[in-house]
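A.B. asks: just the structure for this:
(one chain, ligands or ions: 2)
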Amino acid sequence: MLLNISKAHILVSFVFLLILSGAIYTYLENITIPFTFCQPCHENPESVVDEAEKRVETKHCPLDDSRRSGNLIMKAGLSYPQPSTLTGRTDVNSVTNWNAPLVWEGTFDPVVIDDIYSRMNPRVAVVVLAVGKYTRFLKGFLESGEKYFLVGLRVTYYIFTDNEQDVPNVTLSEGRKITILPVPSAKRWQDVVLSKMKWATVTIDKQIRNEADYLFMMDIDSVFHNRFGAESLSQMSAVLHRGFYKNINRDGFPYERRPESKAYIPAGEGDYYYTAAVWGGYLEDMYRLVKYCYEQSEEDAKNNIEAVWQEESHLNKYFLYNKPAKVLSPEYLWSDYDAPGSDIKLIRISQLVKDYAEVRPNGGQ
Ligand code: GAL
Ligand code: MN
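C.D. replies: Numbering: from 1, shown residues only. Ligands and ions are numbered 1, 2, ... in the order given. Down below sits the predicted model:
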């Protein structure tokens with residue numbers, strides 16, 4: 001009898017425990033889900049630089065899911081050549097060692113890419129700075145941009161300038177516009193460059209994040225020459241600097257080498273050397289990185305040091321420890337100063353030759 005009771009007792013207790021743990025599990029599932037969700041985009045993601053780990057930790061902010069670059073939906077019936085698993089570019093590497101695409105002409109089919117991204121219909125912000133004599137570059141940049149840059153997609157050019165009168169009247173295609181943002185002038189080109197990070201941080205925060213899904217930071221002294229299309233879009237896309245993309249040991253990269261600077265990268269470390277003249281990605285990821293460059297250079301200024309290539313040095317440190325999702329070949333930023341080798345099949349955008357002494361408030365290279 002006693003035995004029977006305790007058997008029944010054990011059974012009942014077991015069933016009770018089972019129900020109780022089920023209930024606790026369901027409850028926890030329900031309360032933890034909201035915390036794993038991203039916070040809304042208009043709230044600032046908190047970024048924390050972990051100096052020991054050299055990574056930047058942040059709360060994530062969502063992009064409208066349908067506009068994520070991983071969302072690769074193509075329409076039925078599209079006609080294009082069959083892709084091969086065996087043939088492709090053999091003269092260049094088209095994948096990084098963290099498995100990100102390294103984009104060159106011939107590594108993508110524009111028909112496929114354009115179909116995918118036109119249905120995604122992203123809003124793309126381009127931030128450029130045109131202060132002092134640099135307003136002269138606006139016309140060529142904007143006119144050529146309308147011919148080649150993300151054609152068919154919605155683009156807003158955010159022009160930071162100290163001279164609104166000098167912004168030219170350029171006819172833009174449908175869905176594309178210009179927003180002018182007044183900024184003060186500066187006396188040293190280094191300050192001009194760094195102030196771009198400050199104004200961009202403030203303006204993304206106040207305005208751009210409500211108007212765009214993707215953001216590109218670009219230098220104004222350049223002209224588009226060929227397609228710069230949606231193949232360039234990703235969560236974070238970095239462009240290989242044309243001057244250091246081949247036959248150079250990582251210790252020869254012009255990284256910041258003084259440990260006193262926040263941009264310091266020790267010898268023996270490094271993947272590539274990236275340019276700061278073109279970089280882009282999801283709005284919130286870009287916000288985090290622009291703000292990082294701003295804050296790290298402010299920190300340097302407090303310690304009376306300026307990184308060797310200003311924001312480019314901070315950018316390179318960031319990308320070393322927070323790998324970009326796509327690496328774009330130097331086709332995505334060439335320079336009229338250099339003749340391209342046979343690996344550069346076409347130049348998509350190129351920096352103009354300019355008289356530095358004449359165009360910059362304090363000269364210099
Ligand atoms: C130059 C470029 C600079 C900087 C430098 C790095 O060609 O104009 O902005 O990127 O290379 O060495
Ligand atoms: Mn430049």
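A.B. asks: going by C-alpha atoms from here, please, whenever you check contacts or count neighbours.
C.D. replies: Will do.
A.B. asks: ok, which stretches of the stretch 1-150 of the chain are helices?
C.D. replies: Per DSSP state H, counting those that start in this stretch, the stretch 1-150 of the chain carries helices over the ranges 2-36, 110-120, 138-148.
A.B. asks: in the second one, which residues are buried?
C.D. replies: The neighbour-count check on helix 110-120 (16 or more other CA atoms under 10 Å) flags 110, 112-118, 120 as buried.
A.B. asks: and which of those residues is nearest to residue 223?
C.D. replies: residue 110 (20.9 Å; CA to CA).
A.B. asks: would you mind measuring from that closest one to residue 219?
C.D. replies: Distance, residue 110 to residue 219, by CA to CA, to the nearest Å: 25 Å.
A.B. asks: what's the mean pLDDT across stretch 166-175?
C.D. replies: On average, the pLDDT along stretch 166-175 is 97.
A.B. asks: cool, and stretch 63-73?
C.D. replies: Per-residue scores along stretch 63-73 average to 80.
A.B. asks: centre of the chain to it, how far?
C.D. replies: Using CA atoms, centre = their mean, to the nearest Å, the mean C-alpha position of stretch 63-73 is found 16 Å from that of the whole chain.
A.B. asks: okay, buried residues for that stretch please.
C.D. replies: Neighbour-count burial for stretch 63-73, with 16+ other CA under 10 Å as criterion, is recorded at 63, 67-69.
A.B. asks: and of those residues, the nearest to residue 262?
C.D. replies: Residue 262 lies nearest to residue 63 out of these, by CA to CA, at 29.8 Å.
A.B. asks: wait, the closest one sits on residue 282?
C.D. replies: Yes: in this structure residue 63 lies within contact range of residue 282 using CA atoms under 8 Å: 7.4 Å.
A.B. asks: what's the overlap in contacts for those two?
C.D. replies: residue 213 (CA atoms under 8 Å, 6 or more residues apart in numbering).
A.B. asks: picking that back up, can you put the buried residues of helix 110-120 in JSON lines and add pLDDT and distance to residue 325?
C.D. replies: Formatted as JSON lines, these follow (pLDDT from 0 to 100; distance: CA to CA, whole Å):
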{"residue": "110", "pLDDT": "98", "distance to residue 325": "19"}
{"residue": "112", "pLDDT": "98", "distance to residue 325": "19"}
{"residue": "113", "pLDDT": "98", "distance to residue 325": "17"}
{"residue": "114", "pLDDT": "98", "distance to residue 325": "19"}
{"residue": "115", "pLDDT": "97", "distance to residue 325": "21"}
{"residue": "116", "pLDDT": "97", "distance to residue 325": "18"}
{"residue": "117", "pLDDT": "97", "distance to residue 325": "17"}
{"residue": "118", "pLDDT": "95", "distance to residue 325": "20"}
{"residue": "120", "pLDDT": "94", "distance to residue 325": "18"}
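A.B. asks: quick one: those residues as a markdown table, columns for distance to residue 273 too.
C.D. replies: Output for those, formatted as a markdown table (distance: CA to CA, whole Å):
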| residue | distance to residue 273 |
| --- | --- |
| 110 | 27 |
| 112 | 30 |
| 113 | 27 |
| 114 | 29 |
| 115 | 32 |
| 116 | 30 |
| 117 | 28 |
| 118 | 31 |
| 120 | 31 |
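A.B. asks: which residues does stretch 199-214 contact?
C.D. replies: Residues outside stretch 199-214 that contact it (CA under 8 Å, 6+ apart): 41-42, 44, 63-64, 67, 122-125, 127, 160, 183, 233, 280-284, 287, 290-291, 294.
A.B. asks: hmm, residue 180 is touching residue 161, no?
C.D. replies: Yes: using CA under 8 Å, residue 180 is in contact with residue 161, at 7.2 Å.
A.B. asks: give me the more crowded residue out of those two.
C.D. replies: The neighbour comparison of residue 180 against residue 161 (other CA atoms under 10 Å) goes to residue 161, with 22 against 14.
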